[in-house]
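>>> Provide a 3D model corresponding to the input given below.
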Amino acid sequence: MENSRIRGKNFSENEKNVLFDLVTSKYSDIIDNKKTDGVTLAKKKLAWEEIAVNFNCQNQNGNRSAKQLHDLYDNLKRTARVNLQCDKEGDAAPPENVPAEEAMQILESENVENTSNDPIDENADMEPSLEPAL
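Residues are numbered from 1 along each chain as shown. Below you'll find the predicted structure:
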């Protein structure tokens, strides 16, 4: 039990907004990069350390580690994806509330493509073929 982690305070909405603003304003191209080579991982680690320093300068509720901020950002993205999927499928109650604007900004920053399997939607922009079917 020596290695057990001590549970910290929950993030406030203000802290979530500050983190979101920091990441999207300067670091989103590094943080959301899909590459996993050594150079890119080193850049990501450095970016999260810089985010932690900037976040803690603005935060008055105590210090947060780079890992805590990284985990929060990943959770916000995951929740935004789930909420967006619930909206598409018409589910009544998504598991958590993330503001729709933040969800769209997070997902747009990743350049998420339409993965719908509906052939009508995929072919809607195509003009009908003039050749008769055999």
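
>>> which elements pack onto the lengthiest helix in the chain?
Criterion DSSP state H: the longest helix present in the chain is helix 66-89. Helices and strands touching helix 66-89, by 3 or more CB pairs under 8 Å, 6 or more residues apart in numbering; DSSP states H and E, are helix 13-22, helix 38-58, helix 100-109. Placement of C-beta: from N, CA and C, glycine included.

>>> indicate which one of those helices is closest to Asp32.
Across these, Asp32 has its closest neighbour in helix 100-109 (5.6 Å, CB to CB).

>>> ok so, going back, any chance of the helices and strands packed on helix 66-89 in CSV, plus distance to Asp71 and mean pLDDT?
CSV is the format used below for the helices and strands packed on helix 66-89 (distance: least, CB to CB, whole Å; pLDDT from 0 to 100):
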stretch, distance to Asp71, mean pLDDT
helix 13-22, 11, 92
helix 38-58, 10, 95
helix 100-109, 15, 61
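
>>> make CSV out of the ones you listed and add distance to Asn75 and mean neighbour count.
Converted to CSV, the helices and strands packed on helix 66-89 look like this (distance: least, CB to CB, whole Å; neighbours: other CB atoms under 10 Å):
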stretch, distance to Asn75, mean neighbour count
helix 13-22, 10, 16
helix 38-58, 15, 15
helix 100-109, 11, 15
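
>>> switch the ones you listed over to TSV; also include distance to Arg5.
Output for those, formatted as TSV (distance: least, CB to CB, whole Å):
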stretch	distance to Arg5
helix 13-22	19
helix 38-58	17
helix 100-109	26
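
>>> what's the closest of those to Arg7?
Among the helices and strands packed on helix 66-89, helix 13-22 comes nearest to Arg7, with 15.9 Å by CB to CB.
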